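Engineer: Fold the following.
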Amino acid sequence: MSEKNPAFPKAWYPLALSSDLKRGKILRQVAFGVPLALYRSQQGRVGVMTATCIHMGADLTRGAVSGERLQCPMHSWEFNANGTCEHIPATSEIPQRARQIALCAKEQHGIIFGFLGGEPNAPLPDFPAEAFRQTSRITVMDFDTPYQVLASNSYDSQHFSTVHHRPLIGAPRVYTNSPHHYGLHFRASVGGAGYNDRFLRAVGVREVELVADCYGGNIVVATSDRTATYIMFAVLPVTQTSSRIFVLNAITKTRMQKIPALFRPAWMELTHRLTLAFLHHDIKIVSGLQFKFGILLPEADAGFMGWMRYWNSLPTATLFDSVSQAESTLMNSHAHD
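Structural biologist: This next block holds a predicted model:
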């Protein structure tokens, strides 16, 4: 992995909140160490591409949305959502290589995701089918720490006891259902002094049974059977040493259907606040943390070491691999014409 073109696992990454990108507007975001231009077309489609124009290096985030295209502010070159230049005022002959590096983009639960690595090789992770369609608000936090520190935190079994005062009951169970997935299932007693744990004990929850499913090395969906809730952590590597995390909640259909519709927003807000309260100590600890492995314990660190092996096994890509793949596809299509 070079510092100039860092590689990350091929996966879906959260880039921005959908609400921050209005129709006909452009948003600048740094991801994978590179500035990106996100735009929403006049018809509402989202496009994501590198912000530096391939012509002379102008900043596309200072440009304009022209119908379904992103227009460069300097010479008015226009690029579609796939990054292909479709209009150059100065010529009718558009070079085949006139294309920006672009990411496949999708929106889900109020978040804009982009796939790093060309054509997606896995579906966009989501809450289980048992989750109610209504989700909580989204909390976004920035950290001066590598993104894998945040993504792996759910698999550090020791910290549930030392940080959250939730000692494990029995040994965690590790499982996988695809090369992109790593899962951990465990039970823990609720013994913390925070208001989230006090609330759980007050309503009769003395133990929690948790499942943490990681997809692509950066999106974790945690399921709590006892409280009928889900938490999604979607992590973006802003640079190699800084990251951004998007946190949101869902509730099972069975639980939500028992709550009157009028009170559902308040219940979702309470669920989200309890999640943030649980994460409060994690947030203080992981800020600025850089992994420096010294002594790892075969049993106590088994879940974490398994996650690291899984993360290191994932195929990787850089933004520039995406354009190489696109050019290769273009050349092959012309070869068959």
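Engineer: avg pLDDT for the helix or strand where residue 214 lies?
Structural biologist: Taking DSSP states H and E as the definition, one finds residue 214 inside strand 207-215. Here strand 207-215 scores 86 as its mean pLDDT.
Engineer: Then stretch 175-189?
Structural biologist: When pLDDT is averaged along stretch 175-189, the result is 88.
Engineer: quick one: buried residues of it?
Structural biologist: Of the residues in stretch 175-189, 180-189 count as buried by neighbour count, 16 or more other C-beta atoms under 10 Å. All C-beta spots, glycine's among them, are computed from the backbone N, C-alpha and C.
Engineer: mind listing the helices for the stretch 151-300 of the chain?
Structural biologist: According to DSSP state H, counting those that start in this stretch, the stretch 151-300 of the chain carries its helices in the segments 157-162, 195-202, 253-256, 264-286.
Engineer: Turn these into a markdown table, including distance to residue 310 and mean neighbour count.
Structural biologist: What follows is the helices of the stretch 151-300 of the chain, written out as a markdown table (distance: least, C-beta to C-beta, whole Å; neighbours: other C-beta atoms under 10 Å):
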| stretch | distance to residue 310 | mean neighbour count |
| --- | --- | --- |
| helix 157-162 | 15 | 16 |
| helix 195-202 | 29 | 15 |
| helix 253-256 | 30 | 14 |
| helix 264-286 | 19 | 16 |
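Engineer: nearest to residue 245, of these?
Structural biologist: If you check each of the helices of the stretch 151-300 of the chain against residue 245 by C-beta to C-beta, helix 264-286 wins as the nearest, at 9.3 Å.
Engineer: about what we covered before: partner strands of the strand holding residue 214, with direction?
Structural biologist: For strand 207-215, the pairing partners within the sheet under DSSP bridges are strand 181-189 (antiparallel), strand 219-224 (antiparallel).
Engineer: Quick check, residue 107 in contact with residue 46.
Structural biologist: Yes. Look at residue 107 against residue 46 with C-beta atoms under 8 Å: they come within range, at 6.4 Å.
Engineer: and the two? which has more neighbours close in?
Structural biologist: Here residue 107 and residue 46 are set side by side on neighbour count (other C-beta atoms under 10 Å), and the busier one is residue 46, at 20 against 17.
Engineer: ok, back up a step: looking at the helices of the stretch 151-300 of the chain, which is nearest to residue 94?
Structural biologist: Among these, if distance is taken as C-beta to C-beta, the winner is helix 264-286, at 46.9 Å.
Engineer: After the closest one, which helix or strand is next? Please name it.
Structural biologist: Moving toward the C-terminus from helix 264-286, the next helix or strand (DSSP H and E) is helix 302-313.
Engineer: Between strand 207-215 and that next one, find me the angle.
Structural biologist: Interaxial angle, helix 302-313 versus strand 207-215 (axes from the mean of the first three to the mean of the last three C-alpha atoms, to 10 degrees): 10 degrees.
Engineer: And the average pLDDT for helix 302-313 is what?
Structural biologist: On average, helix 302-313 scores 91.
Engineer: can you give me how far the helix or strand just after it is from the chain middle?
Structural biologist: Toward the C-terminal end, the helix or strand that comes next after helix 302-313 (DSSP H and E) is strand 316-317. Shown here is strand 316-317, whose average C-alpha point lies 16 Å from the average C-alpha point of the whole chain (C-alpha atoms, centre = their mean, to the nearest Å).
Engineer: Tell me the strands beside strand 316-317, with direction?
Structural biologist: strand 8-9 (antiparallel).
Engineer: show me the contacts for residue 287.
Structural biologist: For residue 287, the residues meeting the contact criterion (C-beta atoms under 8 Å, 6 or more residues apart in numbering) are 143-145.
Engineer: Please identify which of those residues is nearest to residue 295.
Structural biologist: Once C-beta to C-beta is applied, the member of the contacts of residue 287 that ends up nearest residue 295 is residue 145, at 21.0 Å.
Engineer: So what's the residue count around that closest one?
Structural biologist: Count around residue 145 with other C-beta under 10 Å applied: 17.
Engineer: and the residue lying closest to it once chain neighbours are set aside, how far is that from residue 308?
Structural biologist: Beyond its immediate neighbours in the sequence, the residue positioned closest to residue 145 (C-beta to C-beta, 6 or more residues apart in numbering) is residue 289, lying 5.0 Å away. Between residue 289 and residue 308 the distance is 15 Å, computed by C-beta to C-beta, to the nearest Å.
Engineer: Contacts only, for residue 300.
Structural biologist: In this structure, residue 300 makes contact with 157-158, judged by C-beta under 8 Å, 6+ apart.
Engineer: Same list (the helices of the stretch 151-300 of the chain) but as JSON lines, adding distance to residue 223 and mean pLDDT.
Structural biologist: Shown next, in JSON lines, are the helices of the stretch 151-300 of the chain (distance: least, C-beta to C-beta, whole Å; pLDDT from 0 to 100):
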{"stretch": "helix 157-162", "distance to residue 223": "15", "mean pLDDT": "78"}
{"stretch": "helix 195-202", "distance to residue 223": "16", "mean pLDDT": "69"}
{"stretch": "helix 253-256", "distance to residue 223": "12", "mean pLDDT": "94"}
{"stretch": "helix 264-286", "distance to residue 223": "13", "mean pLDDT": "90"}
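Engineer: Any idea which of the ones you listed gets closest to residue 78?
Structural biologist: The minimum distance between residue 78 and those falls on helix 264-286, with 40.5 Å, by C-beta to C-beta.
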